[in-house]
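Okay, predicted coordinates and the sequence, questions at the end:
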Amino acid sequence: MTHTDAGTELGPVHPTAIPTPVTGLTAAEVAERVARGQVNDVPVRSSRSTVDIIRANVFTRFNAIIGVLWVIMLFVAPIQDSLFGFVILANTGIGIIQEWRAKKTLDSLAVIGEARPTVRRDGVAAQVSTSEIVLDDLIEIGPGDKAVVDGVCVEVDNLEIDESLLTGEADPVVKRPGDQIMSGSFVVAGGGAFQATKVGREAYAAQLAEEASRFTLVHSELRSGISTILKYVTWMMVPTAIGLIISQLVVKDNDLKDSIARTVGGIVPMVPEGLVLLTSVAFAIGVIRLGRKQCLVQELPAIEGLARVDTVCLDKTGTLTEGGMDVTELRPLGGSDETYVRKVLGALGESDPRPNASLQAIIDAYPDAEDWRCTESLPFSSARKYSGASFSEGNGEASTWLLGAPDVLLPDDDPALTETERLNEQGLRVLLLAGAVRDLDDPEVAKGARPTALVVLEQRLRPDAADTLRYFAEQNVDAKVISGDNAVSVGAVASKLGLTGTTIDARRLPTDKEGMATALDEGTVFGRVTPQQKRDMVGALQSHGHTVAMTGDGVNDVLALKDADIGVSMGSGSEATRAVAQIVLLDNSFATLPSVVAEGRRVIGNITRVATLFLVKTVYSVLLAILVVCWQVEYPFLPRHLTLLSTLTIGVPAFFLALAPNKERAKPNFVRRVMRYSIPGGVVAATATFTTYLIARNHYAGSGALDAETSAATLTLFLISMWVLAIIARPYTWWRIALVAAMGAGFLLVLVVPWLQEFFALKLVGVTMPWIAVGIAVVAAVALEVLWRWVDRRFPA
């Protein structure tokens, strides 16, 4: 064997382990354990409960602030001043419904994508759900299978387990009967069966995973950025609100109820209440849209992460090519007898109970030689690049054979390699059958092997692969093909799909991170990559500031998927691969990836856009409150005015803009990019509105003066807010122009319909003051354009 058994003793065997007969538990024993609760009840990774969703949407800091203000307003003012409370109720309801829909989508997809381990009960092997495993069950495992519970080895057949996800130890561990198996480890070669000794939350991986892999809504730059902004907003709000309350209640000799209403009118718009809702809804709708395309998002920030990706590493087999292969030719070497070679290949196929795609093609082409008996076998592993078996032939002769990569099994000067190279250039996969002169358990079994025949395999290209690669090129995302196959063969497949660039044999890559990163930046196609190298390559690319997505389906991709910023697995991939990936393409279609990228870009680009709208309102509200306190005047607005303005210039348009298509690549520094527009926008809006208000105070006198002053200030603020919306809505499309126009028409309707004028207390008095209000708004709009262009140059994102 190629690996030593160092590190197999990972801890004592579980003391309660009962040696289960090889037939496994009986139905009665299973029922007894279910009754005792000794079942593998681990939480579903992708979901959270409906109660959690309701709690997260209802019990927020801002809902509490607005809820208290709403209750006060219901007692002291007409119902139209309490409209903001109904808006919050609607927002909360929409948030709960959309997240519940996303939960349903995720739950149904998680069932499809769930690992179904093979359990032996009453002597019969059958697949069961992970949650149906009970204590002492006998679980069969083979290449790519993940141990879903802790246990003890009962049967082994050259079983090699990778525990690197748990221990960090890179080399696979050879297991023997009685050795411990930890949940979360996975099989890289061989097979066997183990008895479950710890299930459910007691299992090692479940303890690690329970916190880490619950429904994650938090670890994303978008969410943490919004949290940071909300923290600043709260700090600004508290002192400003206190100042406003004192100035409105104590300083002004107004009616108490009117003072309270205007104070509330000043505090409510400071709260960017819809921002958190829209972020949740945008993510939730993203999940639902992707779910329709059979794409399971196991962690929500993965949608955002893929939008930030600038390098995508693709495994060739199963990603660019379909899983299956066909044997197209058999070329005996050195005068070997073709009939005999076919017998050897048939026997090799029969010797592996869990063949990979290459061996499956050989099994399909060459039936088993009935009279050959396998005496020992060496399963294929991605690290070795070959498999082998020893046979007792029908005539009593003994022989040992190896099947694997010609450039690994043969010395560099062997003439057979020239032939191999020529076939590889056509994109064909070539395996070498070689007769071994050493024993299989010799670490150097390949030394001196006699080349006997070349087996030529044709790989089926995915019909959608070329279009997907073209999409990534158009989006400025670098595609790197990383494969364990021969570099020339992989390069030929990549060029058939239109991917050009340098082809590099990974065995010649520098081992230091910096050197490897430089080579990766220069190359496009990498062949003969070991699983550990795949992981190192991801790390090297990240060290150069790249955001890396890794796609894969095999057990050799697990480590790289785990370390990549975003891991994408095929639905037909191994259990271990699906478990570590954040995104699983359940229909195995590589063509779904562009949809995921587009969804992420839509979410991030639009939330950045919409956040600016909300925060301009927060900035101008805080500044207006400060100016009111300093000038010792009544607050210019009642809650109903700002509810109307918020709905027309922020709430409704934000909803459409947040869900619109958006293809621009996500950029970092979310907070900086939002605040660099919001602060100047808010300052201009507050200054212009307050100027109009002060001029109106000098212009109007008498009993209805305050209403007239409010109406003039509202007109200025609405026009500026509309201009902010018009800037945010760029680049224009027909529906964006229609959206802005509809919002303007809505405000016009309020101004001309008498009962709406009365309902919203909006009536423009005279001619002079309204035109002054419009003039100030025009100057402010020009100032906005100039300021935002200056900001673009001065503080580039």
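Perfect, thanks for sending it.

could you pull out the strands for the stretch 1-150 of the chain?
Along the stretch 1-150 of the chain, counting by DSSP state E, counting those that start in this stretch, strands occupy 118-121, 124-127, 138-141, 150-162.

Including distance to Val674 and mean pLDDT, could those go into CSV?
In this view, the C-beta of every residue, glycine as well, is placed from N, C-alpha and C. Shown next, in CSV, are the strands of the stretch 1-150 of the chain (distance: least, C-beta to C-beta, whole Å; pLDDT from 0 to 100):
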stretch, distance to Val674, mean pLDDT
strand 118-121, 51, 93
strand 124-127, 49, 91
strand 138-141, 49, 93
strand 150-162, 43, 89
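
Which one, of those, ends up nearest to Ile94?
strand 124-127 (40.1 Å; C-beta to C-beta).

quick one: Phe590 and Met570, what's the gap?
Using C-beta to C-beta, to the nearest Å, Phe590 is found at 8 Å from Met570.

what touches both of those two?
Thr319, Thr551 (C-beta atoms under 8 Å, 6 or more residues apart in numbering).

phi, psi of the closest residue to Thr530 other than its chain neighbours?
With sequence-adjacent residues excluded and distances taken as C-beta to C-beta, 6 or more residues apart in numbering, Thr530 is closest to Ala383, at 5.5 Å. Per-residue torsions, Ala383: phi -70, psi -40 (degrees, to the nearest 10).

now swap in the one 4 residues further on and tell me
The phi/psi pair for Ser387 (degrees, to the nearest 10) reads phi -130, psi 170.

Pull the contacting residues for the residue lying closest to it once chain neighbours are set aside.
Nearest-residue entry for Ser387: Phe380, 3.7 Å, with adjacent residues in sequence omitted and distances by C-beta to C-beta, 6+ apart. Contacts of Phe380 were listed using C-beta under 8 Å, 6+ apart, and they are Pro143, Ala189, Asp352, Asn356, Leu359, Tyr386, Ser387, Gly404.

Any quick PyMOL command for the buried ones out of these?
This is how PyMOL selects the buried members of the contacts of Phe380, with burial counted by 16 or more other C-beta atoms under 10 Å:
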select buried, resi 143+189+352+356+359+386+387+404
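
Could you dump the contacts of Phe380 into JSON lines with distance to Gly318, secondary structure and pLDDT added?
Listed next are the contacts of Phe380 as JSON lines, based on distance: C-beta to C-beta, whole Å; DSSP: H, G, I helix; E, B strand; the rest coil; pLDDT from 0 to 100:
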{"residue": "Pro143", "distance to Gly318": "14", "secondary structure": "coil", "pLDDT": "85"}
{"residue": "Ala189", "distance to Gly318": "18", "secondary structure": "strand", "pLDDT": "83"}
{"residue": "Asp352", "distance to Gly318": "19", "secondary structure": "coil", "pLDDT": "82"}
{"residue": "Asn356", "distance to Gly318": "11", "secondary structure": "coil", "pLDDT": "79"}
{"residue": "Leu359", "distance to Gly318": "15", "secondary structure": "helix", "pLDDT": "87"}
{"residue": "Tyr386", "distance to Gly318": "20", "secondary structure": "strand", "pLDDT": "90"}
{"residue": "Ser387", "distance to Gly318": "19", "secondary structure": "strand", "pLDDT": "90"}
{"residue": "Gly404", "distance to Gly318": "19", "secondary structure": "strand", "pLDDT": "91"}
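
Out of the contacts of Phe380, which is nearest to Pro639?
Pro143 (65.4 Å).

wait, the closest one sits on Glu575?
No - assessed by C-beta atoms under 8 Å, Pro143 is found out of contact with Glu575, at 10.4 Å.

hmm, back to that, out of the contacts of Phe380, which one sits closest to Ile626?
Checking the contacts of Phe380 one by one against Ile626 (C-beta to C-beta), the nearest turns out to be Pro143, at 67.3 Å.

From Leu320, how far off is the closest one?
Remark: distance between Pro143 and Leu320 (C-beta to C-beta) = 21 Å.

list the contacts for the residue lying closest to Ser82 once chain neighbours are set aside?
Leaving aside its sequence neighbours, Ser82 sits nearest to Met73 (C-beta to C-beta, 6+ apart; 4.4 Å). Met73 makes contact with Asp81, Ser82, Phe84, Gly85, Ile260, Ala261, Val264, Pro639 under the criterion C-beta under 8 Å, 6+ apart.

helix, strand or coil for Ser703?
Here Ser703 is coil, with the state taken from DSSP: H, G, I helix; E, B strand; the rest coil.

ok so, going back, what's the most buried one of the strands of the stretch 1-150 of the chain?
strand 138-141 (a mean of 24; mean count of other C-beta atoms under 10 Å).

From the contact counts, what lies against that one?
strand 118-121, strand 150-162, strand 186-198 (3 or more C-beta pairs under 8 Å, 6 or more residues apart in numbering; DSSP states H and E).

distance between it and the chain's centre?
How far strand 138-141 lies from its chain's middle: 31 Å, per C-alpha atoms, centre = their mean, to the nearest Å.

in its sheet, what does that strand sit against?
strand 118-121 (antiparallel), strand 186-198 (antiparallel) (DSSP bridges).

Pretty sure Phe718 sits against Ser646.
No - with contact defined as C-beta under 8 Å, Phe718 does not reach Ser646; the gap is 10.7 Å.

who touches both of these two?
By C-beta under 8 Å, 6+ apart, no residue touches both Phe718 and Ser646.

okay, now Val408: neighbour count?
15 (other C-beta atoms under 10 Å).

And the average pLDDT for whatever helix or strand it lives in is what?
Assigned by DSSP states H and E, Val408 belongs to helix 406-409. Across helix 406-409, the average pLDDT comes to 90.

again, but for stretch 299-313
Stretch 299-313 comes out at a mean pLDDT of 82.

and that stretch, how far from the chain's centre?
Computed by C-alpha atoms, centre = their mean, the chain-centroid distance of stretch 299-313 equals 6 Å.

what distance separates the start and the end of it?
End-to-end distance of stretch 299-313 (C-alpha to C-alpha, to the nearest Å): 20 Å.

follow-up on the earlier one: would you convert the strands of the stretch 1-150 of the chain into CSV that also reports distance to Trp631?
Putting these into CSV (distance: least, C-beta to C-beta, whole Å) gives the following:
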stretch, distance to Trp631
strand 118-121, 77
strand 124-127, 75
strand 138-141, 76
strand 150-162, 70
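
quick one, which of those strands is nearest to Met743?
Judging the strands of the stretch 1-150 of the chain by C-beta to C-beta, what sits closest to Met743 is strand 124-127, at 56.0 Å.

in this structure, which ranges drop under the pLDDT threshold?
1-21, 42-48, 110-113, 165-170, 204-219, 251-254, 300, 323, 797 (pLDDT under 70).
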